[in-house]
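In: I would like the atomic coordinates for the input below:
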Amino acid sequence: MACRISEIVIEARDPELLARFWAEVLGYVEIGREGNAVEIGPPGTGFGGAEPTLVFDRTNSAPRVKLPLHIDVSPTDRDQEDELARLLALGARPADVGQTGEESWHVLMDPEGNEFCLLRTRIEPVRQP
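Out: The predicted model follows:
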């Protein structure tokens, strides 16, 4: 037996903003709300599908220190430069974490400053059964 990641919970000062941003990035839709939390996931699948859902839960705590993890995304239907342009238009911002400029990925920040990387390699979208 093994476990599978079913949800990733992200604390947010503005859960609505981050849910909208990440839904556009990933092609997800809103699938639920509970209290101040907004959950997004793959359309037609929701919780328990092949891909984990993301839950953005409101936090009122002071600005946090850098998270010990980040999300990597890969384009599914376009090349890296076209996807970079799309993500920047959605509100992502370039992040400087000491890159050399020779990396095959782009380091970005979402609207609340959470770092994520756009990888070069195009992957196939998950096909839902």
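
In: all helices of the chain, in order?
Out: 15-26, 80-90 (DSSP state H).

In: Just the residues contacting the shortest one, thanks.
Out: Residues external to helix 80-90 that are found in contact with it (CB atoms under 8 Å, 6 or more residues apart in numbering): 21, 24-25, 75, 78, 94, 106, 108, 118-120, 122. Just so you know, the C-beta spots here come from the backbone N, C-alpha and C atoms, and that holds for glycine as well.

In: What's the per-residue pLDDT of residue 129 here?
Out: In this model, residue 129 is scored at 58, pLDDT.

In: Just the buried ones among the contacts of helix 80-90, please.
Out: Neighbour counting with 16 or more other CB atoms under 10 Å marks 21, 25, 75, 106, 108, 118-119 as buried within these.

In: Could you point out which of those is nearest to residue 58?
Out: residue 21 (15.3 Å; CB to CB).

In: Pull out the buried positions in stretch 46-61.
Out: 49, 53-56.

In: quick one: low-confidence ranges for the protein?
Out: 1, 62-67, 128-129 (pLDDT under 70).

In: Show me how it divides into domains.
Out: In terms of domains, the chain is parsed into 8-59, 69-124 (source: automatic domain parsing).

In: All the strands of this structure, in order from the start?
Out: Taking DSSP state E as the criterion, the chain carries its strands at 7-12, 29-34, 37-41, 53-58, 71-73, 93-94, 106-109, 115-118.
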